[in-house]
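In: based on what follows, work out the 3D shape:
(one chain, ligands or ions: 1)
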Amino acid sequence: MLMHLKNILQPEEVAEARSLLGDQAAWIDGRSSAGSQAQSRKNNEQLAQDSAGSRTLQELVRAALRRDPLFFSAALPRKIFNPLFNRYSGESNAYGSHVDGAVLHSRSTDEWVRSDVSCTLFLSDPASYDGGELVVQDAMGEQRIKLPAGDLVMYPGTRVHRVEPVTRGARLACFFWVESMVRSEEHRRLLFDLDMNLLALRQRHGETPETTALTGTYHNLLRLWANT
Ligand code: NI
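Out: Next up, the predicted model:
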């Protein structure tokens, strides 16, 4: 399931993030964090994880994720990899086709995170750069994704993906992975659909015996499938 979540960050938070990700930020070669398969394909810059700016930005993103009910419903997060930040511009401007590692070590929380869900949070105004689309392969072909600043895309960690070369301007983004309480993508999808339709039913008819019962069904399925 590929999902577009709008306004995860408010405009003032996007502005703060951008100001912390200027030329003065602790940018390092993105290859330093890539596995051997991805290393030859990766050509971007990444914010040093031990920098003060990185810690401030990580907390900004974590707080934004905590307050978003749609993110919770879609991802059912058990662990969130410490958010990372990257920049594609100039000569360091692309990331060829690759798959992300299945388990990744999150440094700030010192834990292993299974990459059930991949997330990219766009931070640059799409009009300010050319190229830089996130291209995700699926059974239907390719999805090309370039979102407004503050918006997030979620896609299954199993997918081959790439970032197209940035030919003008700079593309700033945050990326991270989620280990879900519900490992199966199919189960997560069913729970999300049920949750969204229950929300719509409540908005239309208020609380009814049927919505109460179906909410019970939602939680019973979650209890069946969740690992905490
Ligand atoms: Ni990747």
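
In: tell me the domain boundaries of this structure?
Out: 3-180, 185-225 (automatic domain parsing).

In: got the buried residues for the helix of greatest length in the chain?
Out: Counting residues, the longest helix in the chain under DSSP state H turns out to be helix 185-205. Going by neighbour count (16 or more other CB atoms under 10 Å), the buried part of helix 185-205 is 187, 188, 191, 192, 194, 195, 198, 201. Every residue, glycine included, has its C-beta placed from N, CA and C.

In: let me know which of the domains of the chain is tucked in deepest.
Out: Highest mean neighbour count among the domains of the chain (mean count of other CB atoms under 10 Å): domain 3-180, with a mean of 18.

In: any idea how far it is from the chain center?
Out: 6 Å (CA atoms, centre = their mean, to the nearest Å).

In: this protein: helices as residue ranges?
Out: Along the chain, the stretches classed as helices by DSSP H are 11-20, 36-39, 52-66, 69-75, 185-205, 209-225.

In: now do the last one: which elements does it pack against?
Out: With contacts defined as 3 or more CB pairs under 8 Å, 6 or more residues apart in numbering; DSSP states H and E, the packing partners of helix 209-225 are helix 185-205.

In: so what's the residue positioned nearest the centre of the chain up against?
Out: Central residue of the chain (CA atoms, centre = their mean): residue 119, 1.5 Å from the mean position. Applying CB atoms under 8 Å, 6 or more residues apart in numbering to residue 119 gives the contacts 75, 152, 153, 154, 175, 176, 177, 178.

In: for the residue nearest to the last one when sequence neighbours are not counted, what are its contacts?
Out: What that stands for is residue 178. Nearest in space to residue 178, with sequence neighbours left out and distances taken as CB to CB, 6 or more residues apart in numbering, is residue 117 at 4.2 Å. Applying CB under 8 Å, 6+ apart to residue 117 gives the contacts 75, 154, 155, 156, 157, 177, 178, 180.

In: apart from its chain neighbours, what residue comes closest to the second one?
Out: Leaving out its chain neighbours, the residue that sits closest to residue 154 by CB to CB, 6+ apart is residue 3, at 4.6 Å.
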